[in-house]
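Undergrad: predicted model and sequence follow; I will ask about them next.
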Amino acid sequence: MPVLDVVVTLSSAGTDAGPFTIKDNNNNTLVSGITRAQLLAGYRMDIFSEYPTITVTSTGSCTTSASGTVSYTPPTYNYYTVSKFDCDNSCAQIGTNGAYAALSTNTLTAGKHYYYGGYSWRVETTLSPAPASYDVVLSGLTANDSCTACQSAAATYYIYNAGRCQNCNGDPVSGYVYNYTLVSSPEPLAAGVFNNKVVLINGLYLILHVADGYVTDNSPVVNHMAEGNSTGFFGDCNTAQNCAGGGGGGNQFQ
């Protein structure tokens, strides 16, 4: 049963009153030996919500009692299936859709994201009956349309155009344009150092076009240069791919 935090205060008490014992309406002794001064100042204690009526009794030469009832409205608990996204890892999803359970004392909206604990939790469906356990409490949080809202507004990512290398066999012969895709970096890249350098991201050998400039955003793109996610920087496509004797990788579709 829920435990309530209450302050018990006597508005007045004779000088011969006390010490005091406090019981609930199930005759449980909650505390004893409380002084007159403590109750006049306000004595903080816990009571069970199932037994909200308490009786304060003086157990000394004065044996009077006083009772009072604590008003308590139990909260409404709502349960949902939710999906989990890592805010610090480009909003990568963890687990499958609806793999987690959430509790909230307010109504949540399906399809909305709620940020808590470094993760964005997307509401999928309501859960009924209540589950035996839940993974996260999402009470009193702001609803967002997407995971990206949970990423720090202070984070800045530098986004560059990039071409793509042919493989060592010279494939593809055609079909790629100069600006094949976008690459993001957590810090700006110096054109004199990184322009036309090759970086391996997501299985693609990409040629950075740093001299073309960059744009910034608060979210990284799919091909993001981060520790553990990319390898570089190589001087050319042949070197990057270990093409024997130069190979086709020297033809950079930029």
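TA: The structure has been received and is ready for your questions. Numbers count the residues shown, from 1 in each chain.
Undergrad: and Val6, how far is that from Tyr43?
TA: When CB to CB, to the nearest Å is the yardstick, Val6 and Tyr43 sit 9 Å from each other. The way it works is simple: take the backbone N, C-alpha and C, and place the C-beta from them, glycine included.
Undergrad: just Cys62 next, same as before
TA: 18 Å.
Undergrad: now swap in Cys168 and tell me
TA: On the measure of CB to CB, Cys168 and Tyr43 end up 81 Å apart.
Undergrad: can you check Asp5 too?
TA: Asp5 is 12 Å from Tyr43, by CB to CB.
Undergrad: so which of the two has more stuff around it?
TA: Tyr43 (19 against 8; other CB atoms under 10 Å).
Undergrad: how about the contacts made by the more buried one?
TA: Val7, Val8, Thr9, Val31, Ile34 (CB atoms under 8 Å, 6 or more residues apart in numbering).
Undergrad: the last one bridge partners, please.
TA: Spelled out, it's Ile34. Phe20 (DSSP bridges).
Undergrad: and the end-to-end length of stretch 69-81?
TA: 38 Å (CA to CA, to the nearest Å).
Undergrad: please identify the buried residues of it?
TA: Asn78, Tyr79, Tyr80, Thr81 (16 or more other CB atoms under 10 Å).
Undergrad: give me the neighbour count for the closest residue in space to the first one that isn't next to it in sequence.
TA: Just to be clear, that refers to Asn78. Closest residue in space to Asn78, ignoring its immediate chain neighbours: Ser104 at 5.1 Å, by CB to CB, 6 or more residues apart in numbering. The number of residues packed near Ser104 is 21, by other CB under 10 Å.
Undergrad: and the one 3 residues further on, by the same measure?
TA: Summarising burial for Thr107: neighbours were counted as other CB under 10 Å, giving 9.
Undergrad: quick one, what contacts the closest residue to it other than its chain neighbours?
TA: Once flanking residues are discounted, Thr107 sits nearest to Asn78: 6.1 Å by CB to CB, 6+ apart. Residues near Asn78 by CB under 8 Å, 6+ apart: Leu103, Ser104, Thr105, Asn106, Thr107, Leu108, Thr126.
Undergrad: the fourth one and Tyr77, how far apart?
TA: Computed with CB to CB, the distance linking Asn106 and Tyr77 is 10 Å.
Undergrad: swap in the fifth one?
TA: With distances defined as CB to CB, the gap from Thr107 to Tyr77 amounts to 11 Å.
Undergrad: quick one: Arg44 is in a strand?
TA: Yes: assignment of Arg44 by DSSP: H, G, I helix; E, B strand; the rest coil places it within a strand.
Undergrad: tell me how many other residues crowd the closest residue to it other than its chain neighbours.
TA: Leaving aside its sequence neighbours, Arg44 sits nearest to Val7 (CB to CB, 6+ apart; 5.0 Å). Using other CB under 10 Å, Val7 has 9 other residues around it.
Undergrad: do Asp212 as well
TA: Quick note: Asp212 (other CB under 10 Å) scores 13 neighbours.
Undergrad: quick one, phi psi at it?
TA: With angles defined as degrees, to the nearest 10, Asp212 sits at phi -80, psi -10.
Undergrad: among the contacts of Asn78, which two are most distant?
TA: Using CB to CB, the contacts of Asn78 span at most 14.3 Å, a distance reached by Thr105 and Thr126.
Undergrad: so Tyr51 is in contact with Asn28, correct?
TA: Yes: at 6.8 Å, Tyr51 counts as touching Asn28 under the criterion of CB atoms under 8 Å.
Undergrad: neighbour count winner among these two?
TA: Neighbour comparison, Tyr51 and Asn28: the larger count goes to Tyr51, with 17 against 12 (by other CB under 10 Å).
Undergrad: now do the same for that one: helix, strand or coil?
TA: coil.
Undergrad: what does the pLDDT read for it?
TA: Looking at Tyr51, its pLDDT reads 85.
Undergrad: which residue sits farthest out from the middle of this protein?
TA: Ser61 (58.3 Å; CA atoms, centre = their mean).
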